[in-house]
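Asker: Quick one, what's the 3D model for this:
(one chain, ligands or ions: 1)
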Amino acid sequence: MQGQQRQQTAGLEEKHKLATRWYHWINFPVLTVMIVSGMFIYWAFDPYRIGVGDFTLIHLFPNWFYDLTHIDRKLAIGMALHFLFAWLFAINGLLYVAYTLFSGEWRELVPDAKCFRQALDVVKHDLGLGPLPPQGRYNAAQRITYTAIVLMGGASLLTGLAIYKPVQIAWLTTLLGGYEWARWEHFWLTMGYIGFFVIHIAQVIRAGWPNLRSMISGYDLAKEKENTGAGRHVA
Ligand code: HEM
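Answerer: Just a heads-up that it's a prediction; the model follows:
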């Protein structure tokens with residue numbers, strides 16, 4: 001297994017490749033800008049609600065939210081940032097996927113059939129109800145989550161393109177259910193990132209400093225492995 005060939009240098013064990021860290025840390029601010037600028041666009045015209053006909057039971061963002069924040073006048077800056085950073089998001093994402101495929105690292109990332117069963121054991125372990133199942137670089141829950149987030153990135157790119165050029169690439173917009181559906185899918189993918197972000201940050205805090213340090217430096221202290229690297233995980 002590739003993980004077993006990982007470099008060990010004077011008590012240090014290589015945990016994350018430079019390329020993985022590079023793409024991760026580029027993606028973090030870029031995705032943040034995409035979420036915030038996307039929400040600026042949404043707040044300029046927010047149609048999503050639960051209701052029947054003219055009757056609205058719940059508006060996703062009620063009027064008091066806009067009265068309090070005055071955030072509904074940011075369409076121009078939202079669109080400018082969104083369409084600039086979309087290039088960075090797409091290039092960084094495509095390079096990451098190409099790197100993962102060609103380096104063979106996808107084997108440690110993409111979940112296999114037993115991951116779905118083991119993911120439940122990881123949840124039980126997190127609740128203090130059992131041992132952590134054996135794992136490679138990533139545990140079963142991480143493999144499912146990280147693969148899902150990459151697929152979501154691809155879906156954001158496709159739905160984004162579908163609403164960006166609904167005439168020029170009409171086949172894509174039609175394939176995604178038409179303009180309104182593509183916009184709806186694009187929006188809920190964003191809500192998915194926000195959910196992921198909250199859990200991810202909570203898990204990073206829970207896993208502790210050595211875990212975060214290895215994502216920055218690439219290395220973990222070999223002697224700390226049992227306490228940090230292999231035993232702990234980040235969602
Ligand atoms: C993870 C990355 C992305 C996130 C989080 C994101 C988020 C959002 C959100 C929340 C909206 C508002 C949706 C609404 O009003 O219903 C939006 C609008 C939009 N996004 Fe994205 N987006 C992303 C990537 C992209 C990409 C790659 C493109 C490609 C060009 C794109 C193109 C658009 C367009 C064209 C709009 C609508 C602008 C308009 O209404 O005039 N997005 N995005």
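
Asker: Give me the number of neighbouring residues for Asn179.
Answerer: Let me fix one detail, which is that residue 179 is Tyr and not Asn. Tyr179 has 15 neighbouring residues, counting by other C-beta atoms under 10 Å. Quick note: C-beta positions are derived from backbone N, CA and C, even for glycine.

Asker: In contact with it, which residues?
Answerer: Contact analysis of Tyr179 by C-beta atoms under 8 Å, 6 or more residues apart in numbering lists Ala162, Ile163, Pro166, Thr173.

Asker: Name the residues that touch stretch 183-192?
Answerer: Counting by C-beta under 8 Å, 6+ apart, 35, 38-39, 42, 48, 152, 155-156, 159-160, 162-163, 176-177 sit against stretch 183-192.

Asker: Need the contacts of Tyr179 in JSON lines (columns: secondary structure).
Answerer: Shown next, in JSON lines, are those (DSSP: H, G, I helix; E, B strand; the rest coil):
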{"residue": "Ala162", "secondary structure": "helix"}
{"residue": "Ile163", "secondary structure": "helix"}
{"residue": "Pro166", "secondary structure": "coil"}
{"residue": "Thr173", "secondary structure": "helix"}
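
Asker: Near the ligand, list only the ones from those.
Answerer: Filtering these for neighbours of the ligand using C-beta under 6 Å from any ligand atom leaves Ile163.

Asker: just the contacts of Tyr179 now: which is nearest the ligand?
Answerer: Ile163 (4.5 Å; C-beta to the nearest ligand atom).

Asker: could you measure the residue lying closest to Arg73 once chain neighbours are set aside against Asp67, distance?
Answerer: Nearest-residue entry for Arg73: Ala44, 7.5 Å, with adjacent residues in sequence omitted and distances by C-beta to C-beta, 6 or more residues apart in numbering. When distance is defined by C-beta to C-beta, to the nearest Å, Ala44 is 16 Å away from Asp67.

Asker: Likewise for Leu127?
Answerer: Following C-beta to C-beta, the distance that separates Leu127 from Asp67 is 41 Å.

Asker: Many thanks, I have nothing further to ask.
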